[in-house]
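>>> A structural model of the following input is requested.
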Amino acid sequence: MTEYTAPRLAHTAHLDPADLAGVRTLLDAAFDGDFTDEDWDHALGGMHALVTDPRDGAVLAHGSLVPRRVLHRGRSLRVGYVEAVAVRADRRREGLAGRIMAALEEIADRAYVLGALSASDAGAALYAGRGWQVWPGGLAALGPSGVVPLPDEEGTTYVRPAPGQPLPDPEATLFFDWRDGDVL
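Numbering: from 1, shown residues only. This next block holds a predicted model:
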């Protein structure tokens, strides 16, 4: 296994155009062309964790943590939402995704009440193995025309309370803020 430095952490505002282009290239390849412009927009505006190749600076692994608002039982929760986690195909199974997640979890634990993410089938084992829990309750979004139920996201949305914070009541729905493209 190749040794890598710790993931570099940077806010979107502190990534230069070459960094952003490298991340987008990685995401387009990792998601087999199914990474949309809306998905890209969702990954921006927060903290990024990147692992780069020490030889040529190519982005090998990435994940971002962006702020979201979630209503739960009449309270607006500050949520760190994990986006755009990917590892270059020839570097998978080297622990890079775990390193990316550890860096993002540290930020989420210190800055947010709750971490949340939507997992693909391929990523679900990574998150479950790190202690993330499938949200057992209802999911919805507060859309431009009102509440939009999200039954298709049930079973794929994971949460992780910050240390000392209780898991939100699963009997109550989590209402996510609206965004274009996939809401979760």
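>>> Quick check: Y127 touching A116?
No. Using C-beta atoms under 8 Å as the test, Y127 is too far from A116 to be in contact (10.5 Å). Any C-beta I mention is one placed from the backbone N, CA and C, and that applies to glycine too.
>>> got any residues that touch both of these two?
Shared contacts of Y127 and A116 (C-beta atoms under 8 Å, 6 or more residues apart in numbering): Y158.
>>> centre of the chain versus stretch 72-88, how much separation?
Relative to its parent chain, stretch 72-88 has a centroid offset of 6 Å by C-alpha atoms, centre = their mean, to the nearest Å.
>>> And it, what's buried?
Across stretch 72-88, burial judged by 16 or more other C-beta atoms under 10 Å covers H72, L77, V79, G80, Y81, V82, E83, A84, V85, A86, V87, R88.
>>> Over to stretch 160-173?
For stretch 160-173, a neighbour-count test (16+ other C-beta under 10 Å) marks R160, P161, A162, P168, T173 as buried.
>>> Determine which two of the residues you listed are furthest apart.
A162 and T173 (20.5 Å; C-beta to C-beta).
>>> before we move on, the earlier item: quick one: the buried residues of stretch 160-173 as a markdown table, columns for distance to A140 and pLDDT too.
Listed next are the buried residues of stretch 160-173 as a markdown table, based on distance: C-beta to C-beta, whole Å; pLDDT from 0 to 100:
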| residue | distance to A140 | pLDDT |
| --- | --- | --- |
| R160 | 20 | 97 |
| P161 | 20 | 97 |
| A162 | 23 | 96 |
| P168 | 14 | 95 |
| T173 | 5 | 97 |
